[in-house]
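**Student:** what's the 3D shape of this:
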Amino acid sequence: MHNIYFKNDFVSIHFDRDLRIGKAVWQGDLVGSEFREAVLLCLDLIDRHSLVGWLGDNRRMKSIRPVDLEWSLQHFLPQLLEGSLERLANIPSHDDDNRAAVEVLYAKKSDSEELTIRDFVTEEEALAWLQNTI
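**Tutor:** Model (predicted):
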């Protein structure tokens with residue numbers, strides 16, 4: 001990814017304007033207002049550049065608190081589904097609680113034909129899928 005959109009101790013958000021793909025690399029224990037701010041920045045980037053692909057690298061992200069999961073279900077997921085994204089590639093967290101929370105989000109997504117989500121082991125595989133090359 002060529003452009004850095006935002007970076008702090010918990011998340012690094014990048015995008016490629018030409019490919020219309022964004023990426024968030026998460027790490028650590030991000031909670032409350034910091035979590036919501038980072039998620040809203042991702043949504044803003046998607047909206048601002050009409051991104052069609054997104055890579056969430058969650059490998060080093062810790063658990064998502066129940067209150068943050070509930071906020072995500074009420075605010076993040078509806079906005080994500082209304083946006084321009086067509087494909088979301090996920091590299092799952094090593095944290096069991098994080099993976100369980102993400103599964104709850106997936107389950108609430110329903111069968112949205114506008115957004116396809118897949119899990120990957122490597123960033124290379126995920127980016128190839130996002131670029132429609134696999």
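**Student:** low-confidence ranges in this structure?
**Tutor:** Applying pLDDT under 70 to the chain flags residues 1, 110-113, 133-134.
**Student:** show me where it has helices.
**Tutor:** 32-49, 66-71, 77-82, 96-108, 123-130 (DSSP state H).
**Student:** For the longest one, name the packing helices and strands.
**Tutor:** To tie it back to what came earlier, the one meant is helix 32-49. strand 3-7, strand 11-16, strand 21-28, helix 66-71, helix 77-82 (3 or more C-beta pairs under 8 Å, 6 or more residues apart in numbering; DSSP states H and E). All C-beta atoms are positioned from the backbone trio N, CA, C, and that covers glycine.
**Student:** Tell me which of the helices of the chain is the most buried.
**Tutor:** Scoring the helices of the chain by mean neighbour count under mean count of other C-beta atoms under 10 Å gives helix 123-130 as the most buried, with a mean of 18.
**Student:** How about the residue most central in space within the chain, nearest residue that isn't a chain neighbour?
**Tutor:** Nearest to the geometric centre of the chain sits residue 56, at 4.0 Å (C-alpha atoms, centre = their mean). Ranked by C-beta to C-beta, 6 or more residues apart in numbering and with sequence neighbours excluded, the top spatial neighbour of residue 56 is residue 90, at 5.0 Å.
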